[in-house]
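**Q** dropping the sequence and predicted coords here.
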Amino acid sequence: MPTKYKNNITVATLYKFVEINDLQSLRSEIQALCKENNAKGTILLAKEGINGTISARNKEIRSILKKLKSDNRFKKLEVKFSETNKMPFNRMKVRIKREIVTIGDDSINPNIISGDYVKPENWNELISDPEVIVIDTRNTYETKIGKFKNAIDPKTNSFREFPDWVKNFKKEVKNKDTKIAMYCTGGIRCEKSTSLMKKEGFNNVFHLEGGILKYLEKMSDDETLWDGECFVFDDRVALDDQLEVGSYQMCYACRMPLKKTDLKDDKYEKGVSCHYCYNKTSEQRKERFLSRQKQIEIAKSRGTEHFGPQIKK
């Protein structure tokens, strides 16, 4: 873990594709481990592996990771770190899912086939080649606030839509030896997206190792080709190129990141609506969102936990 993370709250984003057969017992073990170390966040477990983001004091995060990595299956756990001044999650959840990142196709297995890793230090050279096609595998609410220059935005609303996009992309790119560079927030979606691209017949597929978060951690201001902020799936909403909390807030009704000017719009109401979704949700749903927001505020004032708005990938 980088030495700069000494104070405040450390946020660790982690994943590993590996076969897991003891899901129930592992879930109980990790839940107890996180509770013991006062961590909050979400960890997903599936037969295909582990994926999650957790936050706690630096010493407690190190304790959790040390215990996880003592399990040979997680010895090479992919982990990215950032720091914040307050807990970005409401509670700790360890859930068993069908997939740790949902693409909706069980035949896609990164443990069998995936693209070639490109280290952050070598990423600029790759994507600066005019012959290379750069693809952002994230969703529209993420790409809206930042991306690598000249990257293709598939404009998906969820990762489940990505396979259909690839089918159309395949019709347009006839040369299957074309170099394709793919990236996502922390690297996990690229494991599956590059696996899908290889399955569809593309031969030269690469992905950014550790994702945008690792790239921002490694690259200096005068080296970076990243433009904008990076959306993250917690209460921080976005991180700037220094991995500090960015300038956006979130509409928890539709998940769109909002600028300060968006918060002044007449259609914005905290936890209820914004100008992106105001005309897309019924009055009944707005009432439910308002009731939920009131419960969240009451829980915060009492210093108790609330399930809070769900932020999904």
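**A** Sure, I can see it. Numbering: from 1, shown residues only.
**Q** and residue 28, that's in a helix?
**A** Yes: assessed by DSSP: H, G, I helix; E, B strand; the rest coil, residue 28 belongs to a helix.
**Q** distance check, it against residue 96.
**A** Distance from residue 28 to residue 96, counting by C-beta to C-beta, to the nearest Å: 11 Å. Any C-beta I mention is one placed from the backbone N, CA and C, and that applies to glycine too.
**Q** now swap in residue 132 and tell me
**A** Counting by C-beta to C-beta, the gap from residue 132 to residue 96 is 38 Å.
**Q** between these two, which one's more packed in?
**A** Shown here are residue 132 and residue 96; by other C-beta atoms under 10 Å, residue 132 has more neighbours (16 against 13).
**Q** quick check: phi and psi at the residue nearest to the more buried one when sequence neighbours are not counted.
**A** Nearest non-adjacent residue to residue 132, counting by C-beta to C-beta, 6 or more residues apart in numbering: residue 179, 4.5 Å away. For residue 179, the backbone dihedrals are phi -80, psi 130 (criterion: degrees, to the nearest 10).
**Q** list the contacts for residue 179?
**A** 126, 129, 131, 132, 133, 204, 206 (C-beta atoms under 8 Å, 6 or more residues apart in numbering).
**Q** assumed the last one was part of a strand.
**A** In other words, residue 206. Yes: counting by three-state DSSP, residue 206 is located in a strand.
**Q** quick one, what contacts it?
**A** 115, 116, 117, 118, 126, 179, 180, 181, 182, 194.
**Q** try it again with 10 Å
**A** 115-118, 122-123, 126-127, 132, 134, 179-183, 190, 194, 197 (C-beta atoms under 10 Å, 6 or more residues apart in numbering).
**Q** cool, residue 276 as well?
**A** Here residue 276 is in contact with 141, 144, 251, 253-258, 262, 265, 267-268 (C-beta under 10 Å, 6+ apart).
**Q** which among those gets closest to residue 285?
**A** Among those, residue 253 lies closest to residue 285 (C-beta to C-beta), at 7.8 Å.
**Q** wait, that closest one touches residue 275, no?
**A** No: counting by C-beta atoms under 10 Å, residue 253 stays clear of residue 275, with 11.3 Å between them.
**Q** quick one, which of these two is more surrounded?
**A** Just comparing residue 253 and residue 275: by other C-beta under 10 Å the higher neighbour count belongs to residue 253, 25 against 14.
**Q** tell me the domain ranges of this protein?
**A** The record's domain split for the chain, according to automatic domain parsing, is 9-96, 116-228, 248-313.
**Q** re the thing from before, now, the contacts of residue 276 that are in strands?
**A** Judged by DSSP state E, strands contain the following of the contacts of residue 276: 257, 258.
**Q** by neighbour count, which of the contacts of residue 276 wins?
**A** Busiest of the contacts of residue 276 [other C-beta under 10 Å] is residue 251, holding 27 neighbours.
**Q** for that residue, list the residues it contacts.
**A** Counting by C-beta under 10 Å, 6+ apart, residue 251 touches 141, 237, 257-258, 262-263, 267-278, 289, 309.
**Q** can you show me the strands along the stretch 51-200 of the chain?
**A** Secondary structure of the stretch 51-200 of the chain by DSSP state E, counting those that start in this stretch: the strands cover 78-84, 92-96, 116-118, 133-136, 146-148, 179-183.
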